[in-house]
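S.K.: fold the following for me, if possible:
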Amino acid sequence: MPRVAETRLPAIPSTAGQKERYQRILRAAAEHGAANGLERIQMLDIAKDAGVAIATLYRYFPSKTVLFTALLHSQVDRLDQMVSMRTNGREPQEAIADVLVQAGRRLLSRPLLAHAMLTSNNAAVAGDVPSMAVTGVFADLILKVGHIERPSPHDMRLVRLIEQTWYGVLISELNGHISAVEADADTRLACRLLLTDLGRS
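M.R.: A predicted model of the protein is given here:
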């Protein structure tokens with residue numbers, strides 16, 4: 001079967017059955033990503049393990065980039081649901097740093113999968129499917145943790161900078177350039193330096 005063009009927008013599941021198949025595909029992709037890494041993954045193997053036809057997989061995920069970006073999206077969504085609202089009264093940069101450190105530990109607990117998701121998200125941003133990237137949902141999460149209800153353009157710039165910095169820290173750890181301890185410390189320092197005036201402009 002010919003590979004579906006990456007520029008085609010993925011279908012959005014609407015029925016209960018479609019949503020259940022969609023989640024099965026994501027679970028299968030996570031297992032293959034954790035075991036094999038992005039380059040060695042075959043979409044046909046994911047479809048088989050998810051119990052769906054290859055055409056169904058391609059309808060929702062026209063490429064591996066779209067699939068693993070969607071998987072990262074689901075991870076950020078899950079983190080958003082887990083965010084404790086006990087951050088009230090804390091400085092935004094401290095609460096955000098805690099969430100990013102926690103998220104980094106969760107993502108990097110399966111290094112090959114983390115690399116697949118982060119690489120795919122970067123490709124989505126730079127390529128033909130920027131709307132698939134997790135930038136928007138990530139920004140929403142950061143603003144929620146920081147209790148910023150009406151962000152200014154300056155606030156959004158700061159959020160964008162912390163997202164880019166955090167991704168860079170994770171990639172540095174994945175590539176073995178820094179340790180997990182250093183990654184956590186770098187994340188906290190970046191939040192202190194970049195987010196001090198978040199919500200104050």
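S.K.: any idea what the residue nearest the centre of the chain is structurally, helix, strand or coil?
M.R.: The residue lying closest to the centre of the chain (Cα atoms, centre = their mean) is residue 72, at 3.3 Å. Secondary structure, DSSP: H, G, I helix; E, B strand; the rest coil: residue 72 is helix.
S.K.: that one: what's it in contact with?
M.R.: Counting by Cβ atoms under 8 Å, 6 or more residues apart in numbering, residue 72 touches 117, 118, 120, 121, 134. The C-beta positions use only the backbone N, C-alpha and C, and glycine is treated the same way.
S.K.: next: residue 174.
M.R.: Counted by Cβ under 8 Å, 6+ apart, residue 174 has contacts 108, 111, 114, 115, 118.
S.K.: is it true that the last one touches residue 168?
M.R.: Translated: residue 118. No - Residue 118 lies out of contact with residue 168 (Cβ atoms under 8 Å); the separation is 10.0 Å.
S.K.: neighbour count for these two, which is higher?
M.R.: residue 118 (21 against 12; other Cβ atoms under 10 Å).
S.K.: name the next helix or strand following the helix or strand harbouring that one along the chain.
M.R.: Using DSSP states H and E, residue 118 falls within helix 111-126. With elements assigned by DSSP H and E, the helix or strand that comes after helix 111-126 is helix 135-145.
S.K.: for that next one, which outside residues touch it?
M.R.: 73, 76-77, 79-80, 83, 87, 92, 95-96, 99, 125, 149, 151, 155-156, 159-160, 162-163.
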